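Participant: What follows is a protein structure lacking sequence information:
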């Protein structure tokens, strides 16, 4: 006997609805989440019911929250930007690249506000091989975005135009900062670790082969003082700091950059790595050992 309701030849068969009558009634009475917070609560319930894992829940929650974030929420502010003067000599450019370890640099002419392009660190190799080249020929176009630019849209543009850095402009047309694709991705997956990052459960002070030590900038001052049997005090008794990174930044009067050094409490601190406007790692030695090495 033929099917009284044959399927349309060009239409795929309809998927069977396997929900029970009670499930359909429950979904009618309690519809899906209609707000961000309800959706996040639903994800928490899914984790509690072991539908998704904890890491998946955290990542999905970050994706949802990112929809409400803008470039101004994650940018590196203009005062912390490492920029290149178009008139700077090659040796100065090379030192900047080495000391900051960035892969891209905004290039300005005259005033720092006047960004004329982006310099890739790897392109400096071309200058080394052909000194007669003009650095302007190496510049890549700068991408400008408003502070209000949504992170979802920004990530889409980063992927589409293959630019991994954008200059953020405020409502008055001034440079407010810069944002990279890494800054955006970290809102989803958390902080992206690099070769200087070490899991927290492995400690914060490490002995190195050359009799120096690698010390995390987040290390409490008391722990550093105890480890090196040193008296570490700031110049201003009225100021209190919990971490060695915070204290040294205050003593130096600015956010330390890679390669900078400072002496405090009989110890010689060299900045190994910075991230997000803070020192991630110092290389520490006693002053007498540092003087002998120099």
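Facilitator: Yep, it's here. Source: prediction; values computed, not measured.
Participant: Using the record's assignment, carve this structure into domains.
Facilitator: The chain is divided into the following domains under automatic domain parsing: 33-66, 72-189, 200-293.
Participant: Throw those domains into a markdown table and include mean neighbour count and mean pLDDT, thanks.
Facilitator: (Glycine included, C-beta is placed from N, CA and C.) As requested, the domains of the chain are exported to a markdown table (neighbours: other CB atoms under 10 Å; pLDDT from 0 to 100):
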| stretch | mean neighbour count | mean pLDDT |
| --- | --- | --- |
| domain 33-66 | 13 | 77 |
| domain 72-189 | 16 | 87 |
| domain 200-293 | 16 | 82 |
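Participant: Tell me which residue is most central in this protein.
Facilitator: residue 183 (4.2 Å; CA atoms, centre = their mean).
Participant: so how far is the helix or strand where that one lies off the chain centroid?
Facilitator: Here residue 183, judged by DSSP states H and E, is contained in helix 181-189. Computed by CA atoms, centre = their mean, to the nearest Å, the chain-centroid distance of helix 181-189 equals 7 Å.
Participant: which other helices and strands contact it?
Facilitator: Helices and strands touching helix 181-189, as assessed by 3 or more CB pairs under 8 Å, 6 or more residues apart in numbering; DSSP states H and E, comprise helix 54-66, helix 71-74, helix 151-161.
Participant: which residues sit against the helix or strand following the last one?
Facilitator: Read that as helix 151-161. Later in the chain than helix 151-161, the nearest helix or strand by DSSP H and E is strand 165-169. Residues outside strand 165-169 that contact it (CB atoms under 8 Å, 6 or more residues apart in numbering) are 71-72, 75, 104, 106, 115, 118, 142-147, 149, 154, 157-158, 175-181.
Participant: for the stretch 1-150 of the chain, what spans make up the helices?
Facilitator: Here the stretch 1-150 of the chain has its helices, by DSSP state H, counting those that start in this stretch, at 21-29, 36-48, 54-66, 71-74, 90-100, 124-129.
Participant: To residue 248, which of the ones you listed lies closest?
Facilitator: Nearest to residue 248 among the helices of the stretch 1-150 of the chain is helix 90-100; the distance by CB to CB comes to 16.6 Å.
Participant: helices or strands next to that closest one in the packing?
Facilitator: strand 84-85, helix 124-129.
Participant: And those: which comes nearest residue 57?
Facilitator: For the helices and strands packed on helix 90-100, the distance to residue 57 is smallest for strand 84-85, at 42.0 Å, taking CB to CB.
Participant: Would you mind listing the residues in contact with residue 71?
Facilitator: Here residue 71 is in contact with 145-149, 151, 154, 166, 168, 179 (CB under 8 Å, 6+ apart).
Participant: how much space is there between it and residue 137?
Facilitator: Here residue 71 is placed at a distance of 29 Å from residue 137 (CB to CB, to the nearest Å).
Participant: Kindly report the same for residue 88.
Facilitator: Using CB to CB, residue 88 is found at 16 Å from residue 137.
Participant: And for residue 236?
Facilitator: Applying CB to CB, the value for residue 236 to residue 137 is 49 Å.
Participant: Give me the residues contacting stretch 234-243.
Facilitator: Against stretch 234-243 from outside (CB under 8 Å, 6+ apart): 217-221, 247, 250-251.
Participant: can you check stretch 183-192 too?
Facilitator: Stretch 183-192 is contacted from outside by 58-59, 62-63, 65-66, 69, 74-76, 151, 154-155, 158, 182, 197, using CB under 8 Å, 6+ apart.
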